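> Build me a structure from this.
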Amino acid sequence: MSLNVISFLVENKPGVLFNISNTIRRKNFNIHSITAIAGEEGDTSRITITSKGDPRETDKLVEQLDKMVDIISVKRLDPLRTVMRDMALVKLHTADPMAQEEALFVINKYKGLILDIKPDTVIAQVTGSATEVSDFQAEVTHIGIVEAARTGITAIEKGWITLKEK
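Residues are numbered from 1 along each chain as shown. Here you go, the predicted model:
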């Protein structure tokens, strides 16, 4: 099963995200991550959904989603022609000076940002591919993750290709 990234340009109004996720649920797809943001003009939103599954089945789902009234454009993105990023905020327990030193080393190794340092915690922001972010979290697990939040994958196609072009 491969990770499929579906990108939408939709009308920015209530219920659109619910209708999309409900259609995906009815087709027995499990949403791995979802991100959404209002567009530049405010009347549209961009949504990125990832799910694991057969790309051919995902293409069939995209065809069905494309028929929905509030969807302006939808497509499954080609990973080779797409820039994808994930971001995590991770709070680490670093009461021990050695733990703090190791945490700072690992954060630097992943080119993360240190957002907050207190005597017993460090909050880091790590951005990269989903794999890089997962690898970071795995590497700091033994230090002690107090809590973590991830954005999920957001994606945009390379070059002049836009979501407005079907």
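> Off-centre distance for the longest helix anywhere in the chain?
Using DSSP state H, we find that the single longest helix of the chain is helix 130-144. In terms of Cα atoms, centre = their mean, to the nearest Å, the centre of helix 130-144 is found 16 Å from the chain centre.
> Check stretch 32-52 too.
Mean C-alpha position of stretch 32-52 versus that of the full chain (Cα atoms, centre = their mean) differs by 10 Å.
> And for stretch 7-16?
17 Å.
> List the contacts of that stretch.
Under the contact criterion Cβ atoms under 8 Å, 6 or more residues apart in numbering, stretch 7-16 has outside partners 17, 20, 38-39, 42-49, 65, 70-75, 77, 155-157, 163-164. Every C-beta, even on glycine, is put in place using the N, C-alpha and C of the backbone.
> and those, which of them are in strands?
Using DSSP state E, the members of the contacts of stretch 7-16 that fall in strands are 38, 44-49, 71-75, 155-157.
> Would you list the buried entries among those residues?
Restricting the ones in strands among the contacts of stretch 7-16 to buried positions leaves 44-49, 71-75, 155, 157, with burial counted as 16 or more other Cβ atoms under 10 Å.
> how about Leu113, what does it touch?
Taking Cβ under 8 Å, 6+ apart as the contact definition, Leu113 lies against 107, 124-126.
> Please produce a ChimeraX select command covering the buried subset of these.
The buried subset of the contacts of Leu113, as determined by 16+ other Cβ under 10 Å, is captured in ChimeraX by this line:
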select :107,124,126
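> quick check, nearest of the contacts of Leu113 to Pro55?
Val126 (28.4 Å; Cβ to Cβ).
> correct me, but that closest one touches Glu132?
Yes. At 7.5 Å, Val126 counts as touching Glu132 under the criterion of Cβ atoms under 8 Å.
> how close does Met68 sit to Ala36?
From Met68 across to Ala36, the span is 15 Å (Cβ to Cβ, to the nearest Å).
> so can I have JSON lines of the buried ones among the ones in strands among the contacts of stretch 7-16 showing pLDDT and distance to Leu113?
Converted to JSON lines, those look like this (pLDDT from 0 to 100; distance: Cβ to Cβ, whole Å):
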{"residue": "Thr44", "pLDDT": "94", "distance to Leu113": "30"}
{"residue": "Ser45", "pLDDT": "95", "distance to Leu113": "27"}
{"residue": "Arg46", "pLDDT": "95", "distance to Leu113": "24"}
{"residue": "Ile47", "pLDDT": "97", "distance to Leu113": "26"}
{"residue": "Thr48", "pLDDT": "97", "distance to Leu113": "22"}
{"residue": "Ile49", "pLDDT": "97", "distance to Leu113": "27"}
{"residue": "Ile71", "pLDDT": "96", "distance to Leu113": "35"}
{"residue": "Ile72", "pLDDT": "95", "distance to Leu113": "34"}
{"residue": "Ser73", "pLDDT": "95", "distance to Leu113": "33"}
{"residue": "Val74", "pLDDT": "97", "distance to Leu113": "33"}
{"residue": "Lys75", "pLDDT": "95", "distance to Leu113": "32"}
{"residue": "Ala155", "pLDDT": "96", "distance to Leu113": "21"}
{"residue": "Glu157", "pLDDT": "94", "distance to Leu113": "26"}
